[in-house]
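Undergrad: would you be able to build a 3D model of this:
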Amino acid sequence: MPETNHIVYKQDVFGNSFTRMIFRFENDIKGSVKILNLIKEDEHITIPEIARRIELSTRAVEKQIAKLKEQNKLKRIGPDKGGHWEVIDNG
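TA: Numbering: from 1, shown residues only. Here you go, the predicted model:
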C-alpha cells in the first residue's frame, strides 16, 4: 500500500477526506495485527489488558475483535471468564 501521507483526495459529500479514511484503514490493520500477536503470546489475555498494551480504548479493541471474528481470524473458546482466545491460521 502506498504511503498515504502523500495522497490527496477531494472531500466526499459529508466533508470527510478520503485520506482520513485510508489512515483509519491502515490503523485498523495495524491494530488487528497487534491484537493477534498479543493473543498468540497469551490466549487468556483480557480485552482491558489488550487495550492497555496497545493504547486503545476497550471499545476500540472490542470493535477490532468483532472484525477479526467476522473474518474468521479469531475465535473465543468458552465463556468470558475462564475461556480463552484462539487465533485461526487460514493459510
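Undergrad: mind listing the strands for the chain?
TA: For the chain, the strands defined by DSSP state E occupy 74-77, 84-87.
Undergrad: deepest of these, which one?
TA: strand 84-87 (a mean of 16; mean count of other CB atoms under 10 Å). Glycine gets a C-beta too; all of them are placed from N, C-alpha and C.
Undergrad: and that one, what does it pack onto?
TA: Contact here means 3 or more CB pairs under 8 Å, 6 or more residues apart in numbering; DSSP states H and E; on that basis strand 84-87 packs against helix 18-41, strand 74-77.
Undergrad: thinking again about what came up before, turn the strands of the chain into CSV, including distance to G31 and mean pLDDT.
TA: CSV is the format used below for those (distance: least, CB to CB, whole Å; pLDDT from 0 to 100):
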stretch, distance to G31, mean pLDDT
strand 74-77, 13, 96
strand 84-87, 15, 96
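Undergrad: can you tell me which of those strands is nearest to K40?
TA: Evaluated over those, closeness to K40 peaks at strand 84-87, with 5.5 Å, by CB to CB.
Undergrad: what's the closest one in contact with?
TA: Here strand 84-87 makes contact (CB atoms under 8 Å, 6 or more residues apart in numbering) with 36, 39-40, 43-45, 73-78.
Undergrad: now render the strands of the chain as CSV, adding distance to A66.
TA: What follows is the strands of the chain, written out as CSV (distance: least, CB to CB, whole Å):
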stretch, distance to A66
strand 74-77, 9
strand 84-87, 13
